[in-house]
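Participant: Provide a 3D model corresponding to the input given below.
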Amino acid sequence: MSRRESDLATLARDDTFLLIRAGVVGWRGSAILIPAARGSGTSTLVGELVRSGAQCYSDDWALLDEAGNVRPFSRPITLGDGARDALPGSPLSLRHPPPLRVALVVATTYRPGCAWEPRILQGARALLPVVDNAALIREQAARVLRLARALGSSVVTLESPRPDAAAVAPAILDFADAVLIRRAARSRSAREKAAPTPPQASPPPRETRPQEILASERTSNDPVTTYTVGGMPRSGTSMMMRALAAGGLEMFADTAKDERLSADWAPRRAIGYDPNPHGCHEPGAFRSHDQFPEMIRGRLVKLMGNGVAQPRFARVEPIRVAFICRDREAVARSHLTAFGRVPKWTETSHGYRRVIDTYIARQRRCPWVQDVTCFAYEDVVRDPLGQFSRLAAIGWPIDQRAAAATVDPTLERNRGSDHGRARMSASAP
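Facilitator: Numbering: from 1, shown residues only. Sure, this is the predicted structure:
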């Protein structure tokens with residue numbers, strides 16, 4: 001038995017430690033734990049994370065103490081072909097590497113050609129990959145569960161097979177950043193609530209200025225909720241935006257995009273068809289701005305597709321989403337009438353439903369999303385007061401009657417022509 005194997009056997013039976021088959025890297029003062037069986041590609045992933053700036057703590061075993069901290073247990077990384085890869089940033093080069101609190105668990109195995117689409121697990125489910133890969137789980141089940149619980153309820157787990165490690169390492173570190181930002185914001189909020197608040201004079205009234213200026217004046221400490229409208233194109237998202245703004249929510253809109261598209265569509269209005277009479281378009285150039293999450297803090301904004309399922313939106317939690325869905329054939333007809341083509345994702349009922357379900361599920365799994373409430377376009381048009389009352393009942397700060405008053409119950413402007421119906425039906429069952 002080698003010295004390392006002897007050390008492992010001793011540690012596995014030590015009451016003060018939990019030994020887990022896992023890789024570990026340090027990132028911004030916290031640990032990313034990668035529990036997996038041998039042969040899962042853990043060493044390769046640890047190597048790529050270290051090349052991306054993380055600090056290597058171990059590529060095969062993680063040592064967890066009673067406080068839930070990970071201790072270094074490292075050696076030169078051994079890849080699947082037996083090569084030993086000495087990477088920079090390893091604790092082997094440090095005399096006393098500090099123990100780290102686990103911020104993120106990544107439960108993954110290498111699967112060539114697959115997509116990286118991780119599920120986000122929290123609570124007890126987030127700890128299952130850790131428990132499943134603990135040494136001596138059968139002999140010392142009670143101790144394993146006790147020490148696993150020391151990780152705490154704040155641990156978040158990403159679970160998915162992965163393609164090449166180089167393709168997913170940056171995404172894992174980006175998500176770890178989001179988790180750490182969220183944790184710091186909650187800690188700061190708890191401290192602020194615990195501290196006595198001195199009386200302050202009311203600020204003088206301020207004149208209304210453009211949204212871009214107001215956005216730059218907001219700070220990341222504002223304890224406010226952000227509201228978004230999600231859905232697929234041509235599904236009634238602009239109708240929802242206009243209604244919720246009338247109900248009292250402050251809307252963030254790309255007015256330059258509204259004006260440009262209004263000019264582009266002027267010829268169609270001249271013949272009696274307006275592709276978007278409500279305006280309220282999804283922000284265009286703003287979305288690529290680094291400070292876009294701060295710009296929309298506390299406002300109502302349209303974010304279609306994946307919506308807020310990006311780690312950078314953790315900076316403005318909590319976020320509440322109203323997601324509107326519409327009949328597939330109506331969406332296809334609307335696209336055909338407005339743009340002269342039918343998108344692929346409307347060609348079959350199964351494909352259309354799968355796309356919508358995926359976008360909803362991705363946002364619901366985000367820790368920074370408080371809830372996602374779904375609506376059918378047809379229900380909103382038929383009974384707007386009843387539908388907006390649903391939002392008011394769960395705490396959306398809106399006047400449901402004012403919101404409902406903006407919806408035309410006879411709205412059928414996207415029925416399309418007979419020619420449009422024929423072309424749509426030829427491409428969809």
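
Participant: wait, isn't Leu100 in contact with Gly68?
Facilitator: No: applying C-beta atoms under 8 Å as the test, Leu100 and Gly68 come out as separate, 10.1 Å apart. Using the backbone N, CA and C atoms, a C-beta is placed for each residue, glycine as well.

Participant: between those two, who's got more neighbours?
Facilitator: Leu100 (22 against 18; other C-beta atoms under 10 Å).

Participant: and the pLDDT for Asn69?
Facilitator: On pLDDT, Asn69 comes in at 86.

Participant: what are the phi and psi values for the nearest residue to it once chain neighbours are set aside?
Facilitator: Spatial nearest neighbour of Asn69, chain neighbours left out: Pro99 (3.8 Å); criterion: C-beta to C-beta, 6 or more residues apart in numbering. In terms of degrees, to the nearest 10, the main-chain angles of Pro99 are phi -70, psi 150.

Participant: so who does Pro99 touch?
Facilitator: 65, 67, 69-72 (C-beta atoms under 8 Å, 6 or more residues apart in numbering).

Participant: before we move on, what about Cys325?
Facilitator: 231-232, 235, 356, 374-377.

Participant: any idea what it is bridged to?
Facilitator: Cys325 has these beta-bridge partners by DSSP bridges: Ala376.

Participant: any stretches of the stretch 201-350 of the chain with poor pLDDT?
Facilitator: Applying pLDDT under 70 to the stretch 201-350 of the chain picks out residues 201-223, 253-289, 338-339.

Participant: which stretches of it form helices?
Facilitator: 211-217, 237-246, 255-264, 266-270, 292-296, 328-339, 349-364 (DSSP state H, counting those that start in this stretch).

Participant: could you dump the fifth one to PDB, C-alpha only?
Facilitator: What that stands for is helix 292-296. Extracted in PDB, the C-alpha atoms of helix 292-296 (Å, rounded to 0.1, in the frame of the first residue of the first chain):
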ATOM      1  CA  PHE A 292     -28.100  46.000 -18.100                       C
ATOM      2  CA  PRO A 293     -29.300  44.000 -15.000                       C
ATOM      3  CA  GLU A 294     -28.800  47.200 -12.900                       C
ATOM      4  CA  MET A 295     -30.700  49.200 -15.500                       C
ATOM      5  CA  ILE A 296     -33.800  47.100 -15.100                       C
END
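
Participant: what is it packed up against?
Facilitator: Packing partners of helix 292-296 (3 or more C-beta pairs under 8 Å, 6 or more residues apart in numbering; DSSP states H and E): helix 211-217.

Participant: how about a cut-off of 10 Å?
Facilitator: helix 211-217, strand 226-231 (3 or more C-beta pairs under 10 Å, 6 or more residues apart in numbering; DSSP states H and E).

Participant: now do the last one
Facilitator: Using 3+ C-beta pairs under 10 Å, 6+ apart as the contact criterion, the elements in contact with helix 349-364 are strand 119-122, strand 226-231, strand 319-325, helix 328-339, strand 369-376.

Participant: output those as JSON lines; include the columns distance to Gly247.
Facilitator: Output for the helices and strands packed on helix 349-364, formatted as JSON lines (distance: least, C-beta to C-beta, whole Å):
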{"stretch": "strand 119-122", "distance to Gly247": "31"}
{"stretch": "strand 226-231", "distance to Gly247": "10"}
{"stretch": "strand 319-325", "distance to Gly247": "11"}
{"stretch": "helix 328-339", "distance to Gly247": "24"}
{"stretch": "strand 369-376", "distance to Gly247": "14"}
